[in-house]
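Asks: predicted structure and sequence below. I'll ask about it afterward.
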Amino acid sequence: MYQIQIESKKWREWNRIFAKDFNDKLHAELYSKYFKRYYNGKMTKRFARISKKIQETENNFNADEYLKLFKSYKN
């Protein structure tokens with residue numbers, strides 16, 4: 001079975017809603033074993049791209065909007 005098949009429908013809906021804001025793949029790639037942030041004293045393009053995406057998601061995060069969603073969601 002796939003992981004998504006094991007998850008409940010409610011959890012799949014939460015993933016669909018919040019996936020863009022809580023992307024663990026970027027953090028996993030950033031902290032992988034042989035990931036190089038700098039090469040020859042310069043920032044790598046890969047590191048710059050990942051850090052830019054992480055920064056964008058942090059800036060766009062609106063806690064009030066998510067609180068409204070949590071409160072409006074019915075069990």
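Replies: Sure thing, it's come through.
Asks: now for residue 9: which residues touch it?
Replies: Residue 9 makes no contacts at all, as judged by Cβ atoms under 8 Å, 6 or more residues apart in numbering. Using the backbone N, CA and C atoms, a C-beta is placed for each residue, glycine as well.
Asks: okay, it: pLDDT?
Replies: Here, the pLDDT recorded for residue 9 equals 85.
Asks: please apply the same query to residue 28.
Replies: So, for residue 28, pLDDT stands at 87.
Asks: burial count for it?
Replies: Residues lying near residue 28 (other Cβ atoms under 10 Å) number 10.
Asks: for residue 7, grab phi and psi.
Replies: Here is the backbone geometry of residue 7 (degrees, to the nearest 10): phi -70, psi 150.
Asks: give the contact list for it.
Replies: residue 15.
Asks: please repeat the previous calculation with a cut-off of 6 Å.
Replies: Going by Cβ atoms under 6 Å, 6 or more residues apart in numbering, residue 7 touches no other residue.
Asks: the helices in the protein, which residues?
Replies: Secondary structure of the chain (DSSP state H): helices at 3-6, 9-18, 24-30, 45-60, 63-72.
Asks: elements contacting the fourth one?
Replies: Which is helix 45-60. helix 24-30 (3 or more Cβ pairs under 6 Å, 6 or more residues apart in numbering; DSSP states H and E).
Asks: same question, the shortest one
Replies: Contact analysis of helix 3-6 by 3+ Cβ pairs under 6 Å, 6+ apart lists no helix or strand as a packing neighbour.
Asks: re earlier: now the helices of the chain in JSON lines, with distance to residue 39?
Replies: Formatted as JSON lines, the helices of the chain follow (distance: least, Cβ to Cβ, whole Å):
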{"stretch": "helix 3-6", "distance to residue 39": "35"}
{"stretch": "helix 9-18", "distance to residue 39": "34"}
{"stretch": "helix 24-30", "distance to residue 39": "15"}
{"stretch": "helix 45-60", "distance to residue 39": "9"}
{"stretch": "helix 63-72", "distance to residue 39": "37"}
